[in-house]
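> Just the structure for this:
(4 chains)
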There are 4 protein chains.
Amino acid sequence: MFGQRFATRINSFASDAAGYWPGLAGKPSLAQMIRRAATVPGLSELDLNYPDHASGNPAEVAALVADCGLALNGLAMRYYTNPAFKRGAFTNPDAAVRREAIDLTRHGIDAARAMGAPMMTLWLGQDGYDYAFQCDYARLWADEIAGIAEVAAHDPDCLVSIEYKPNEPRAYSLLKDAATTLIAIDEVGAANLGVTLDFAHSLYADEQPACAAAMIQRRSRLLGLHLNDGYAKRDDGLMVGAVHPQATLELLHEVHRGGYDGAIYFDTFPDASGLDPVAECAANIRTVRQMLQAVDALDRDNRLAEAQARQDPVAALQIAGAALTGQRTGD
Amino acid sequence: MFGQRFATRINSFASDAAGYWPGLAGKPSLAQMIRRAATVPGLSELDLNYPDHASGNPAEVAALVADCGLALNGLAMRYYTNPAFKRGAFTNPDAAVRREAIDLTRHGIDAARAMGAPMMTLWLGQDGYDYAFQCDYARLWADEIAGIAEVAAHDPDCLVSIEYKPNEPRAYSLLKDAATTLIAIDEVGAANLGVTLDFAHSLYADEQPACAAAMIQRRSRLLGLHLNDGYAKRDDGLMVGAVHPQATLELLHEVHRGGYDGAIYFDTFPDASGLDPVAECAANIRTVRQMLQAVDALDRDNRLAEAQARQDPVAALQIAGAALTGQRTGD
Amino acid sequence: MFGQRFATRINSFASDAAGYWPGLAGKPSLAQMIRRAATVPGLSELDLNYPDHASGNPAEVAALVADCGLALNGLAMRYYTNPAFKRGAFTNPDAAVRREAIDLTRHGIDAARAMGAPMMTLWLGQDGYDYAFQCDYARLWADEIAGIAEVAAHDPDCLVSIEYKPNEPRAYSLLKDAATTLIAIDEVGAANLGVTLDFAHSLYADEQPACAAAMIQRRSRLLGLHLNDGYAKRDDGLMVGAVHPQATLELLHEVHRGGYDGAIYFDTFPDASGLDPVAECAANIRTVRQMLQAVDALDRDNRLAEAQARQDPVAALQIAGAALTGQRTGD
Amino acid sequence: MFGQRFATRINSFASDAAGYWPGLAGKPSLAQMIRRAATVPGLSELDLNYPDHASGNPAEVAALVADCGLALNGLAMRYYTNPAFKRGAFTNPDAAVRREAIDLTRHGIDAARAMGAPMMTLWLGQDGYDYAFQCDYARLWADEIAGIAEVAAHDPDCLVSIEYKPNEPRAYSLLKDAATTLIAIDEVGAANLGVTLDFAHSLYADEQPACAAAMIQRRSRLLGLHLNDGYAKRDDGLMVGAVHPQATLELLHEVHRGGYDGAIYFDTFPDASGLDPVAECAANIRTVRQMLQAVDALDRDNRLAEAQARQDPVAALQIAGAALTGQRTGD
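Numbering: from 1, shown residues only, chains lettered A, B, ... in the order given. Down below sits the predicted model:
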């Protein structure tokens, strides 16, 4: 099951719109982007943003996706509709704005159910602060926990996955790394909660992604896996394996071992630098498939476990490297 | 009580030894460093390292400190005696080395009790990894938890405080930030455990230190407060307030509010650049005393709480700044 | 002269538009933002972006600014009009797009002249790369130098100032720090070229801003000074002095000593978190005025120079701190 | 020629001394470390530190190296003999200490000549600052330039290579990145000066190493190439290619294209975590040899140049990846 489902970010397919749709004035429609995405060989699913992509008639949008031969992996909340969300969604100083954010999320959960993809990803990027002395941290935390609790309770049959990120747009996000997110989930205590690990977010949270995944799978559930790459300073959105192939392979090995069988989602930004998003997505799928073969090879061989028992990186990396290139090592 | 006790790192007082002790061959003795530290106006306490400073006759060392008019704040473990500790103390791949690290810590706890300073700080800097694929993260975590549990159980009347740090000497420390440390403490579940927050460690763990302190004080206990400063990239060990005065003041305000009344310890490295450690420590005490006056001023005034309720940094920072410079703001 | 001219980013004044202009549908007009900016006590100048703010009738826009009692400090290029600029302006792989970027810049320089503010700031953020192996670095550099040379030669009476930034939107900017920018300026060799130092960019380029300024003023000319603050990880756009007051004061002291007498420009993002931009800008001016008094005090006193001759940070920071709070130190 | 000479750090071979030399009391001797290094298959050269390894009788030490079948690649200065160097070598506030540092370097250059390895690497790690306001940057720079000029002039037949590093031991090094170092070399203007690029230093200077190398080879000379790897936060000293294989391959490709034919030196720290330094060094040589085959493959094929002309990372990374794994790509 693991490694059969590949999903991607739909907005990537607005990249180089003028080149792909000659004569197009303005931005492509959602339908146009979905149809373009459907041309990627091997792509099976999409995530859509709520409310941006699915506020009107969710069933219609779901049909649009299905008509292209794709499935829907889930929805992801975006808190942009009210400019007041800039000062916080669940942690906004204004109770009315907090209420609006929570209600918007509940409607988003309803939409996900209506679309047959009962998973909502929460990236609470607006919930944080920029300055020393700006807020009462206890208050901020209590509001965040209360908000998450309410939306998790809204529909116990819809999975709610929290995607952490160190900063941007706020200088400090409240849910900035795996461990903080796990504490929040522990405090909320709802069975339908889990975590989405984004590789680039994890890197610039100064985590080793596989170590973060092990902690997530031990303390909660891994519900989403966003692959991409970057330079561990910011959310670069680069192609999978382009910078840190070993850390990516280690992450795939770790989540597979921990039982993850959800979609592998590409959260990359080909549109940021005008790349061909179809070729870029195809390259990501190709890279991950090679890595999954390496994961299989590592699983059929106990030498990696032996090297890890000795904490011997010289042997362990040679074994992993050989698995990746399909070679046998003789040691 | 808060702000009456100032402690410092003893090895700082080896700085510029040739200038301070003309004719000294080699390094100063512990007794020489203690006597030099005792000349700092306002300094009341020292932390010593175990086994380095207190392995022989703990009571004798304690008397040495007392004779200089200082008290002992506690001991701090250092795992350097066996080179094998480079590969881990509680998480060493070799069970015999893990046992040695645990037993050394238990002896250290006994020494702290014998010296009348029942607090042991654990900085488990060797417990981590350098490479992808180097270790089994679940195994590493289980060993860390088991080690902490055993030393915490050794003497329930001795406080055991975990000082987290992102990296160095290992590329990744296992207990790298406040949230991860709180999860470990939660899993161990011992009443005598708590956390030491080091300002520079917190900065380069990408935390806002006051936010980390609030989380620590809500979920566990703050047992140690190490002040210093730096550039949020590494453990610079600079003078208090030299780079981030507002974040330092915010931290003092937060821990005071949370009930911290332990010593304020200066974990700075005047010896790294040959500064006069007496003048440097005196400057740190002077800076903190000014900041504590500002904390008092902020506590007597509800305008900060009002600004924080609005999450208004323009007002909040002006109020904090005025408290720091002893001015009244009229707005 | 230094410290009499305060300029700011105009787009900040779109912040909380619904609160400021009740009933406003959509975004405020440029005229509305200018009129709002003009209410900031002490603000004397604006920078506008080209072509966004000044492509139609430059003289008309200049009159709009003047009518509000403000002056124009200069224009700043933005390369957003053609989506192809995402892949580079002067370094685009397509010669036609490079030509378009250069010509757009030349028109911008003409507009600056027409507006009576003969300074164009170039932030070449699109000129860089995201991936290893993506480009031929020699080619990229040669194209960047050629582009700068052509626009500098277009009108020798218009100053052209290069604003460096480590990354964003590209993972790596070509002109990423002061030293690289100075090498580029050296290679172009035009008399009307100089550098704009942005405090937050400098921080996250891992520079000490005053050290970068000293290098710029020794090797070229400082033509622009953008103040703000941040956490040295990304372009946070915070209020001046909110995080690093000493480094900010040191920068002001250094540029004053080096003869800078241009405007002090606030490149902050109150709109990113919905702050009141008038109060935020007023706070920045207040902070800088206090710092300029400290600069004066430091200049009237030779104790700082003496401490620096000894490289004695304990004394130097005490002197600087006392200057900032208006106190006398007695040592 | 390129890729035939492999050198390494000698102190690595003190790692796990008790395991390698049972019964050894204390640290191994230089001779013991050299003999151990000589067991690494493929290793051809060593760098030694001055004065640590070569202050007594340089010719004798050179013979020791030769007797083990190794050559000497050069010497590297270390400024540890006088504790006053902590406050600076060439930039020390005390003229007598500056003189001592310069004279020590001149003796080191004489020793390198006497050993038949006329290359001295200068890592001026002590030359920098820790605090805002600590120093007069113009003075610091002038002293650095004067010191480099004097040691470069001491013996024009000895190459002098400057190894830059962002920080450590100082919070800010003066020669912190490639561009700053190139400016210094430009100001000194001596023909025997050049640059040593250390991969991990370059990463945490926020450079793409191949881009820095291209700049160095265009403006000066690349005289030393230190390979290792890390997480772009600090000087981790990890095995080559363990984290950033593509960036390492790109660097090798770039320096080969730029004509570098010096030794490939491994500046890794197996001793920091108790690894077997012989196995670790052998792994580094194996990794680099695979990469050099890929460099050859890339040179025989014009598809990489075509992809770079289009700045097309999807194609370029696929070509590079295929070269690394020895596969043909069909696109």
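
> The spatially most central residue of chain A: what secondary structure?
What sits nearest the mean C-alpha location of chain A, by CA atoms, centre = their mean, is residue A:226, with 3.6 Å. Residue A:226 carries the three-state label strand when classified by DSSP: H, G, I helix; E, B strand; the rest coil.

> and it, bridged to which residues?
Following DSSP bridges, residue A:226 is listed with bridge partners residue A:198, residue A:265.

> ok, now how distant is it from residue D:244?
Distance, residue A:226 to residue D:244, by CB to CB, to the nearest Å: 21 Å. For the C-beta atoms, the positions are set from N, CA and C on the backbone; glycine is no exception.

> is any part of the strand or helix carrying residue A:210 close to chain B?
Element membership for residue A:210 (DSSP states H and E) is helix A:209-219. Yes. Helix A:209-219 reaches chain B (CB under 8 Å from any CB of the partner chain) through A:210-211, A:214-215, A:218-219.

> Got a ChimeraX select line for the buried ones in those?
Buried residues within those, by 16 or more other CB atoms under 10 Å in any protein chain shown, are selected in ChimeraX with:
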select /A:210,211,214,215,219
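
> Name the nearest of the residues of helix A:209-219 next to chain B relative to chain B.
Closest approach between these and chain B, by CB to the nearest CB: residue A:214, at 3.8 Å.

> Got phi/psi on the residue nearest to the closest one when sequence neighbours are not counted?
Nearest non-adjacent residue to residue A:214, counting by CB to CB, 6 or more residues apart in numbering or on different chains: residue B:137, 3.8 Å away. For residue B:137, the backbone dihedrals (degrees, to the nearest 10) come out as phi -60, psi -30.

> which residues touch residue B:137?
By CB atoms under 8 Å, 6 or more residues apart in numbering or on different chains, the contact list for residue B:137 reads A:210-211, A:214-215, A:254.

> Swap in 10 Å and give it another go.
Each residue near residue B:137 by CB atoms under 10 Å, 6 or more residues apart in numbering or on different chains is listed here: A:208, A:210-215, A:217-218, A:250, A:254, A:308, B:129, B:174.

> Tabulate these (a markdown table), appending pLDDT.
Below are the contacts of residue B:137 laid out as a markdown table (pLDDT from 0 to 100):
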| residue | pLDDT |
| --- | --- |
| A:208 | 98 |
| A:210 | 98 |
| A:211 | 98 |
| A:212 | 98 |
| A:213 | 98 |
| A:214 | 98 |
| A:215 | 98 |
| A:217 | 98 |
| A:218 | 98 |
| A:250 | 98 |
| A:254 | 98 |
| A:308 | 98 |
| B:129 | 98 |
| B:174 | 98 |
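
> Any chance of these in JSON lines with distance to residue B:318 as columns?
Formatted as JSON lines, the contacts of residue B:137 follow (distance: CB to CB, whole Å):
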{"residue": "A:208", "distance to residue B:318": "41"}
{"residue": "A:210", "distance to residue B:318": "45"}
{"residue": "A:211", "distance to residue B:318": "42"}
{"residue": "A:212", "distance to residue B:318": "39"}
{"residue": "A:213", "distance to residue B:318": "44"}
{"residue": "A:214", "distance to residue B:318": "45"}
{"residue": "A:215", "distance to residue B:318": "40"}
{"residue": "A:217", "distance to residue B:318": "46"}
{"residue": "A:218", "distance to residue B:318": "45"}
{"residue": "A:250", "distance to residue B:318": "48"}
{"residue": "A:254", "distance to residue B:318": "48"}
{"residue": "A:308", "distance to residue B:318": "54"}
{"residue": "B:129", "distance to residue B:318": "45"}
{"residue": "B:174", "distance to residue B:318": "41"}
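
> Out of these, the closest to residue B:21 would be?
residue B:174 (39.9 Å; CB to CB).

> what about that closest one, distance to chain A?
Distance, residue B:174 to chain A, by CB to the nearest CB, to the nearest Å: 8 Å.

> which non-adjacent residue is nearest residue A:72?
residue A:117 (3.9 Å).

> now do residue A:38
Using CB to CB, 6+ apart, the nearest residue to residue A:38 is residue A:68, at 3.8 Å.

> near chain C, which residues of the stretch 201-331 of chain A?
Contact residues, the stretch 201-331 of chain A versus chain C (CB under 10 Å from any CB of the partner chain): A:204, A:229-231, A:233-239, A:242-243, A:269-275.

> What ranges does the stretch 101-250 of chain A have for its strands?
A:119-122, A:128-129, A:159-163, A:172-173, A:193-198, A:222-227 (DSSP state E, counting those that start in this stretch).

> The worst-scoring helix or strand of chain A on mean pLDDT: what's the following helix or strand?
Ranked by mean pLDDT, DSSP states H and E, the weakest helix or strand in chain A is helix A:17-20, scoring a mean of 92. With elements assigned by DSSP H and E, the helix or strand that comes after helix A:17-20 is helix A:30-37.

> tell me what that next one is packed against?
strand A:6-9, helix A:17-20, strand A:45-50, helix A:58-67, helix A:277-299 (3 or more CB pairs under 10 Å, 6 or more residues apart in numbering or on different chains; DSSP states H and E).

> mind redoing it with 6 Å?
The elements that helix A:30-37 packs onto, with contact taken as 3 or more CB pairs under 6 Å, 6 or more residues apart in numbering or on different chains; DSSP states H and E, are helix A:58-67.
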